[in-house]
Structure formats: structure tokens, C-alpha cells
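**Q** Take a look and give me a structure for this.
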Amino acid sequence: MVTATATDKNQLITDKLITLIEKGVTPWSQPWYSSPFQNFLTKHIYRGINPILCQIDLVINNWEYPFFITFQQAKELNWLIKKGSKATWIKWGGTYAKEVEDPDRRETKKEYRNSCRWFSVFNIACLDDTKSDRQITEYLKPLTPPLPNNFNPLPKVENFIGTLEIETVFGGPVACYIPTLDTIKLPKRSDFISAEGFYSTYLHEIVHSTGHKSRCARPLNHRKGSTDYAFEELIADLGSAFLCNHFGINYSLEIHASYLDSWLSVLQNDKTAFLKAAQKANQAFQYLVGETIYYEQ
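**A** You can find the predicted model right below:
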């Protein structure tokens, strides 16, 4: 397993994001894939920030499928990595127990600590199976089912929304969260082009609502156009992406050009800003869904 320092990877990811945003592309909000980002062989679905890290490279390289594999897995099947291919860096993390001395009690005790490290995977577009008796298409077919009807309501998401204690007012031309009223405003469902567009927009505003002082208590009264305002929008966009991934929604968020300019300022001034926003989005996800997001393979 190839590893790298956090500083190197933070800078690499930030550079990629800046390149894409300068082109007007937000790689975490493309509605092109029905399958979640996952390990091609184990079918382990990537969680936390990893789907977004994979999608950044998918957009940059114009890859077709959201399936990745480790170097060792490819080697075991005699699949070669194509010359010039570059790895995608994702995170693995969890907790581990360590025995430590307790000087007061003169005994050892267990302490649980967090562990997090970067490692590399390769998209299946980077693989060459011509020298193997196992073809990539054998594994690909079960992972590419027909696309669902784009306008079907999603009962699982409806049930989730029904559990939330926050008022939503439908009607009008804007989608927003109003902190002073603790209220979400959305256009009517019939105004949305697709069910996915409706749910992804709704989830975006729901993530904003977690910033309320009674929930995750993030600062929300930022001046529109400021970097703090853009940072909160980035949190909501990433949080919506996490929720869409959780519910299996193909999502597409229309990003205002002013947000892109502000995000560029945030990213250029702080190379850890993207991961900081992702941590806040993780916190919102955990509050809403009740799951802890781990960075994992």
C-alpha cells in the first residue's frame, strides 16, 4: 500500500479543486452515475469524503465508471496498471486500542486513539487486462444496472425528511434556509425538473439547518459573498453529497458563479479548507443520520 503525508495530499487535492473550480466545475455534484463509488472487487462502498475525492479524479480524467481497485488487488488478478496512470488518494481511518502506563495506579490501561492515513487506489480505466484470464467486463456487468426512472419519488428519503423537526415552506422562486426562523424555503416539488434535483436541493438546505444553535451550532449569519459565507455553502454542498450518497441519489446542484469565486479564495488561502469543510459536513451527516463516517477503503 502506497502512503503519503497529509500535507502533500491536502495540497494535491486543493490544487485539483482549484483547477476544476476555475473551469466552473464542481466535481462532487455531477448526476452521471447510478452506482456509488466503491471497491471494484469487494463492492465495499466508499464513505465520508472518499466518494468526493474519487469523483474529483473521475471528472478530471473523464473516467466512465466510479469503481476503484488497489494495486495489490490488480496484481493478484494479473491486471496491469496502464503506463502514465495516476493513483487516486483516499483516506482510511478508525480507532485502535493502545496499552499505556497509569503512573498513579501503577498499572496499564487501554486508551483508544484515532488513526487516519492516506493510501492509493486506481480507477478501472487505468487497468489493462489483456494478459489476464479474468476480464474486467466479468466484474463490471453486475455493477452497472439499468438507470431508474428519474421522476420516481424516493420513499426512504421521504421517511427521513418526515423525522426532522424543522418547518419547510413550499412555493416561490428560491431555495434557502432562514436561521432566524429556523425554516427552509423551497419551490414547489412540481417546479423541479427531476426528483433527484428536488431531493438534493432539499438535503442541501437541511444541512444548512444543522448549523442552528440547537443542533451543530455553526456560525450562519455571514455576509453574502464573503469567504465565511462560501465556506458554509461548501459545507452544505458536501453534506448534501454525503446524504445523496447515503440514500443512493444521483445529485446535481447548480452552483452560483459567486460561490465559485469565493471558494477559490478559501482554497487558495488555506490548503486544509476543503477537509475542514468536509469535517463539518461529516458532523452534520452524523447529526442527521446517526452514523459515524469513517474514512475507509
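
**Q** Do a quick rundown of the helices in the stretch 51-200 of the chain.
**A** Assigned helices in the stretch 51-200 of the chain, in chain order: 71-76, 136-140, 155-162, 195-209 (criterion: DSSP state H, counting those that start in this stretch).

**Q** Need the contact partners of the first one.
**A** It refers to helix 71-76. Contacts to helix 71-76, defined as CB atoms under 8 Å, 6 or more residues apart in numbering, come from residues 1, 2, 39, 40, 41, 80, 81, 87, 120, 122, 127. Every residue, glycine included, has its C-beta placed from N, CA and C.

**Q** List the contacts of the third one.
**A** In this structure, residue 39 makes contact with 46, 67, 68, 69, 70, 73, 121, 297, judged by CB under 8 Å, 6+ apart.

**Q** so what's the spatially closest residue to the third one that is not a sequence neighbour bridging to?
**A** Spelled out, it's residue 68. Spatially, and ignoring its direct neighbours in sequence, residue 68 is nearest to residue 121 (4.1 Å; CB to CB, 6 or more residues apart in numbering). Counting by DSSP bridges, residue 121 forms beta bridges with residue 88.

**Q** Enumerate every residue touching residue 121.
**A** 39, 54, 68, 69, 70, 87, 88, 90, 297.

**Q** export those to a markdown table and tack on distance to residue 164?
**A** Shown next, in a markdown table, are the contacts of residue 121 (distance: CB to CB, whole Å):
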| residue | distance to residue 164 |
| --- | --- |
| 39 | 32 |
| 54 | 29 |
| 68 | 33 |
| 69 | 38 |
| 70 | 38 |
| 87 | 39 |
| 88 | 34 |
| 90 | 30 |
| 297 | 32 |
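
**Q** Select, from these, the two members most distant in space.
**A** Pairwise distances across the contacts of residue 121 peak at 14.2 Å for 39 and 87 (criterion: CB to CB).

**Q** Show me the shaky parts of the chain.
**A** 1-7, 23-34, 94-96, 106, 145-151, 173, 225, 251-262, 291-297 (pLDDT under 70).

**Q** Would you agree residue 43 is in contact with residue 69?
**A** No - Residue 43 is not in contact with residue 69 according to CB atoms under 8 Å; the separation is 11.4 Å.

**Q** who has more neighbours, those two?
**A** residue 69 (24 against 13; other CB atoms under 10 Å).

**Q** what are the bridge partners for that one, then?
**A** In beta-bridge terms (that is, DSSP bridges), residue 69 pairs with residue 122.

**Q** cool, residue 113 as well?
**A** Counting by DSSP bridges, the residues bridging with residue 113 are residue 96.

**Q** which residues in the stretch 101-250 of the chain form strands?
**A** 107-123, 127-128, 167-170, 176-178, 183-186 (DSSP state E, counting those that start in this stretch).

**Q** in the fourth one, what's buried?
**A** By neighbour count on 16 or more other CB atoms under 10 Å, the buried set for strand 176-178 is residue 177.

**Q** partners of that strand in the sheet?
**A** Checking strand 176-178 against DSSP bridges gives partners strand 183-186 (antiparallel).

**Q** Next, report how far the partner strand is displaced from the centre of its chain.
**A** Relative to the chain's own centre, strand 183-186 is displaced by 24 Å; criterion: CA atoms, centre = their mean, to the nearest Å.

**Q** Ok, stretch 107-119 next?
**A** For stretch 107-119, the distance to the chain centre is 25 Å (CA atoms, centre = their mean).

**Q** Could you list the buried residues of it?
**A** Buried residues in stretch 107-119, counting neighbours by 16+ other CB under 10 Å, are found at 118, 119.

**Q** swap in stretch 197-217?
**A** Quick answer for stretch 197-217 (16+ other CB under 10 Å): 197-211, 215-216.

**Q** CA atoms only: put it into CSV for me.
**A** Extracted C-alpha coordinates of stretch 197-217, given in CSV (Å, rounded to 0.1, in the frame of the first residue of the first chain):
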residue,chain,number,x,y,z
GLY,A,197,-33.0,17.7,-8.2
PHE,A,198,-35.7,18.2,-5.6
TYR,A,199,-34.1,15.9,-3.0
SER,A,200,-30.5,17.1,-3.5
THR,A,201,-31.7,20.7,-3.1
TYR,A,202,-33.8,19.9,-0.1
LEU,A,203,-30.9,18.0,1.5
HIS,A,204,-28.6,20.9,0.9
GLU,A,205,-30.9,23.2,2.9
ILE,A,206,-31.3,20.6,5.6
VAL,A,207,-27.5,20.5,6.1
HIS,A,208,-27.6,24.3,6.4
SER,A,209,-30.3,23.8,9.1
THR,A,210,-27.8,21.7,11.2
GLY,A,211,-25.9,24.9,11.8
HIS,A,212,-28.7,26.2,14.1
LYS,A,213,-27.6,26.8,17.7
SER,A,214,-29.8,23.9,18.9
ARG,A,215,-28.0,21.4,16.6
CYS,A,216,-24.4,21.6,15.4
ALA,A,217,-24.1,25.3,16.2
